[in-house]
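K.L.:
Quick one, what's the 3D model for this:
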Amino acid sequence: MDFKELVVNALKPALAGQLDEAKIAALVETPKSSDLGDYAFPTFSLAKILHRAPKMIASDLVEKIDAAPFEQVKAVGGYVNFYLDKISFAHEVLKAIAQEGDHYGNAKMGKGNVPIDMSSPNIAKPMSMGHLRSTVIGNALANILAKVGYSPIKINHLGDWGTQFGKLIVAYKKWGSEAAVKTDPIKNLLQYYVEFHEKAEKDPELEEEARAWFKRLEDGDDEALTLWRWFRTVSLAEFNRIYKILGVDFDSYNGEAFYNDKMDSVVKTLEDKHLLKTSQGAEIVDLSKYNLNPALIKKSDGATLYMTRDLAAAIFRKNHYHFVQSLYVVGNEQREHFQQLKAVLLEMGYDWANDIHHIPFGLITANGKKLSTRRGNIILLEKVLNDAVDLAKQQIAEKHPDLPNAQQVAHEVGVGAVIFHDLKNERLDNFDFNLEEVVRFEGETGPYVQYTNARAHSILRKADIAPAPEVALSDPAAWDVLRALGDFPAILVRAAKEYEPSVIAKYALRLAKAFNQYYANVKVLVEDSELPARLAMVKATTQVLENALHLLGVAAPEEM
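P.N.:
Okay, here's the model as predicted:
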């Protein structure tokens with residue numbers, strides 16, 4: 001079913017002594033229009049080797065190539081264009097999708113554990129739209145990597161330690177109430193934290209009290225630990241409620257606090273290897289040979305930092321999970337931190353640091369402005385999800401007022417719209433968020449893909465006969481759909497190699513558009529000899545759209 005390999009094999013004898021198989025495969029491309037063939041081989045790189053015009057080289061190659069496996073092979077300018085045997089292609093693709101179902105596209109790209117550090121909200125603070133990207137990109141990557149053979153481990157590295165807990169304890173003891181925290185944990189804990197900062201500006205002694213309480217927490221004081229555990233538990237319960245809405249779960253909630261007792265051994269190893277240097281009273285690792293700023297390991301007061309904790313986490317994960325890759329889905333602004341992390345681990349003698357990959361992403365903005373908790377420019381994630389569901393509900397009521405399970409479908413469409421919109425953008429791109437544009441049933445949106453899938457299911461429900469992938473499908477109008485269906489395995493491998501879920505989202509849009517174009521021009525349910533084959537293509541479209549949406553973490557309702 002690897003039709004690109006068919007093209008490479010056809011070119012190999014004709015290019016013997018000039019290009020090897022790997023170079024041929026790297027040059028073969030997919031034309032933008034199917035009118036120019038299904039695969040094309042450019043001859044421009046050969047022009048320098050053979051000292052001939054690309055057009056002449058292409059013409060000569062066509063004469064040498066065995067065209068029997070193809071519909072036709074022809075030279076167009078400096079390209080050799082290959083047109084696949086459409087009936088054979090349709091038969092192979094539809095048969096494979098019917099047989100493999102949910103497993104269509106599975107690959108054996110690799111194996112072994114891949115921890116994915118993702119989401120990681122701070123305890124006692126609300127989950128905002130700023131947490132969305134790490135959460136849904138990490139979840140999609142876990143699904144994609146599982147599909148190509150790896151065993152992903154989703155880790156929510158909670159922000160559950162630090163001096164802010166001293167401040168929170170002081171604020172709670174002075175102004176808080178147990179009943180208020182139980183009623184609305186995040187809202188009230190955040191309010192206490194904000195109130196602390198407002199009052200500390202006028203009363204600096206509060207900062208001293210906070211430091212004293214955090215010291216008690218670090219020393220294992222019972223009252224401090226009890227309050228800390230309570231704040232963590234109620235916060236996590238709130239987070240999990242939102243994760244449930246998103247359909248995201250985790251294999252580990254080991255956050256910053258988990259590594260408290262694991263940092264001393266990291267510092268000792270750095271000392272034993274003579275890597276620590278003193279600079280202005282602080283302990284650093286010099287990374288000038290990597291063209292990086294020094295990694296700060298300990299402050300002048302002896303306090304450890306994120307770097308110390310992340311070194312401990314990386315070593316723990318290697319020892320515990322024996323990972324083959326370790327991913328950190330963290331914003332692009334932390335790029336240097338992860339370069340330093342890898343460099344320090346390499347200096348410590350850990351070659352496996354090369355298996356660590358920072359998966360950076362751009363910002364979500366609102367009206368062109370960066371979201372910021374401190375400046376009050378925050379959009380609560382739960383509110384966005386609820387508003388998206390309400391918008392979906394309104395549109396469903398207009399289009400399909402008697403839809404069964406309308407509430408459930410509105411949830412799947414609204415939440416799916418927010419997730420899909422995030423993931424259709426390339427990871428590193430910044431984008432502005434506008435809810436009305438996101439939850440539209442037309443255009444390049446999640447609901448458009450979901451609606452296409454539901455439309456295909458509707459055709460299958462109306463059909464009186466079963467799909468039959470073994471029946472030949474020769475309809476030229478079906479070619480763009482069939483070609484897209486056949487591309488899914490290669491698309492999946494590309495998404496995994498590039499750690500780029502947008503590859504899947506853009507593919508889903510391409511398949512949906514091709515199917516809708518077909519549906520607009522062809523009467524599918526005409527009773528003729530090819531009806532079972534057309535239905536097989538419709539069924540294959542639902543299967544592949546659902547496979548793609550599942551990888552993104554988006555539901556695929558069969559009726560909308």
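K.L.:
quick one: residue 418 and residue 114, what's the gap?
P.N.:
Residue 418 sits 26 Å away from residue 114, going by C-beta to C-beta, to the nearest Å. For glycine as for every other residue, the C-beta is placed from the backbone atoms N, C-alpha and C.
K.L.:
between the two, which one's more packed in?
P.N.:
Here residue 418 and residue 114 are compared on neighbour count by other C-beta atoms under 10 Å; more neighbours surround residue 418, at 26 against 23.
K.L.:
list the contacts for residue 324?
P.N.:
Residues near residue 324 by C-beta atoms under 8 Å, 6 or more residues apart in numbering: 110, 111, 112, 113, 114, 150, 355.
K.L.:
correction: residue 46
P.N.:
Applying C-beta under 8 Å, 6+ apart to residue 46 gives the contacts 18, 19, 52, 54, 57.
K.L.:
so how many other residues sit close to the closest residue to residue 421 other than its chain neighbours?
P.N.:
Leaving aside its chain neighbours, residue 421 sits nearest to residue 438 (4.4 Å; criterion: C-beta to C-beta, 6 or more residues apart in numbering). Neighbour count for residue 438, taken as other C-beta under 10 Å: 21.
K.L.:
cool, residue 465 as well?
P.N.:
Residue 465, neighbours per other C-beta under 10 Å, totals 10.
K.L.:
Assumed it was part of a helix.
P.N.:
No - under DSSP: H, G, I helix; E, B strand; the rest coil, residue 465 sits outside any helix and is assigned coil.
K.L.:
Show the backbone phi and psi for it.
P.N.:
Phi and psi for residue 465, reported as degrees, to the nearest 10, are phi -120, psi 160.
K.L.:
wait, doesn't it sit right on residue 529?
P.N.:
No - judged on C-beta atoms under 8 Å, residue 465 makes no contact with residue 529 at a distance of 11.6 Å.
K.L.:
before we move on, the earlier item: give me the buried subset of the contacts of residue 46.
P.N.:
19, 54, 57 (16 or more other C-beta atoms under 10 Å).
K.L.:
Tell me the predicted confidence for the first one.
P.N.:
At residue 19 the predicted local distance difference test score is 93.
K.L.:
That one in helix, strand or coil?
P.N.:
Residue 19 falls in the coil class when you classify it by three-state DSSP.
K.L.:
So in this structure, which helix runs the longest?
P.N.:
Longest helix in the chain, counting residues (DSSP state H): helix 222-246.
K.L.:
Just the CA atoms of the next helix or strand after that helix, as PDB, please.
P.N.:
Using DSSP states H and E, the helix or strand that follows helix 222-246 in sequence is helix 263-272. Presented in PDB, the C-alpha positions along helix 263-272 are these (Å, rounded to 0.1, in the frame of the first residue of the first chain):
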ATOM      1  CA  MET A 263      17.800  17.600  44.900                       C
ATOM      2  CA  ASP A 264      20.600  17.000  47.400                       C
ATOM      3  CA  SER A 265      21.900  14.100  45.400                       C
ATOM      4  CA  VAL A 266      21.900  16.200  42.300                       C
ATOM      5  CA  VAL A 267      23.900  19.000  44.000                       C
ATOM      6  CA  LYS A 268      26.300  16.400  45.400                       C
ATOM      7  CA  THR A 269      26.900  14.800  42.000                       C
ATOM      8  CA  LEU A 270      27.600  18.300  40.600                       C
ATOM      9  CA  GLU A 271      30.100  18.900  43.400                       C
ATOM     10  CA  ASP A 272      31.700  15.500  43.000                       C
END
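K.L.:
hmm, back to that, and which of the contacts of residue 46 is nearest residue 479?
P.N.:
residue 54 (27.6 Å; C-beta to C-beta).
K.L.:
any idea how far residue 40 is from the closest one?
P.N.:
Separation of residue 54 from residue 40 (C-beta to C-beta): 12 Å.
K.L.:
Mind giving me the PyMOL command for buried ones among the contacts of residue 324?
P.N.:
The PyMOL selection below is limited to those of the contacts of residue 324 classed as buried (16+ other C-beta under 10 Å):
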select buried, resi 113+114+150+355
